[in-house]
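K.L.:
Just need the structure, nothing else, for what follows:
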Amino acid sequence: MKVLRAHDVLPEPPLSEEDCYRLLTISEVARELRCSKGHVQHLIHGKVPHTRPLPSIALGRRRMIRRSSLHEWIRATEGTH
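P.N.:
Residues are numbered from 1 along each chain as shown. Predicted coordinates for the structure are as follows:
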């Protein structure tokens with residue numbers, strides 16, 4: 001079984017205007033990034049070295065991430081190493 005690398009993944013189609021403003025939960029972001037919810041929390045709070053913080057929206061105690069912000073953050077993070 002082949003392990004997928006970042007360069008193996010096809011570019012995503014552009015997001016529709018409705019999808020750009022869709023808010024994702026920590027769990028949804030973790031699933032998309034293939035990491036734990038705790039790691040997403042560390043990304044949001046800037047606790048991951050050499051990685052800029054993941055932008056989020058505070059709704060009371062909950063944190064939500066705009067889908068367009070997540071994709072922009074991924075593109076900006078890809079070239080840091």
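
K.L.:
got any ranges where the chain has weak pLDDT?
P.N.:
Along the chain, the parts satisfying pLDDT under 70 run over 1-20, 80-81.

K.L.:
which helix of it spans the most residues?
P.N.:
helix 67-78 (DSSP state H).

K.L.:
in that one, what counts as buried?
P.N.:
By neighbour count on 16 or more other C-beta atoms under 10 Å, the buried set for helix 67-78 is Arg67, Ser69, Leu70, His71, Trp73. For the C-beta atoms, the positions are set from N, CA and C on the backbone; glycine is no exception.

K.L.:
Mind putting the residues you listed into CSV with distance to Gly79?
P.N.:
Below are the buried residues of helix 67-78 laid out as CSV (distance: C-beta to C-beta, whole Å):
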residue, distance to Gly79
Arg67, 21
Ser69, 17
Leu70, 17
His71, 15
Trp73, 12
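
K.L.:
hang on, the earlier thing: against which helices or strands is the longest helix of the chain packed?
P.N.:
Helix 67-78 is packed against helix 17-20, strand 23-24, with contacts defined by 3 or more C-beta pairs under 8 Å, 6 or more residues apart in numbering; DSSP states H and E.

K.L.:
what's the burial count for Ala48?
P.N.:
You called it Ala, but residue 48 is Val. Each residue near Val48 was counted by other C-beta atoms under 10 Å, and the total is 15.

K.L.:
okay but it is in contact with Gly38, surely?
P.N.:
No - no contact is recorded between Val48 and Gly38 when judged using C-beta atoms under 8 Å, the distance being 11.1 Å.

K.L.:
So which residues of this protein form helices?
P.N.:
17-20, 26-33, 37-44, 67-78.

K.L.:
Could you export those as JSON lines, including distance to Leu59?
P.N.:
Formatted as JSON lines, the entries for these read as follows, by distance: least, C-beta to C-beta, whole Å:
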{"stretch": "helix 17-20", "distance to Leu59": "18"}
{"stretch": "helix 26-33", "distance to Leu59": "12"}
{"stretch": "helix 37-44", "distance to Leu59": "13"}
{"stretch": "helix 67-78", "distance to Leu59": "15"}
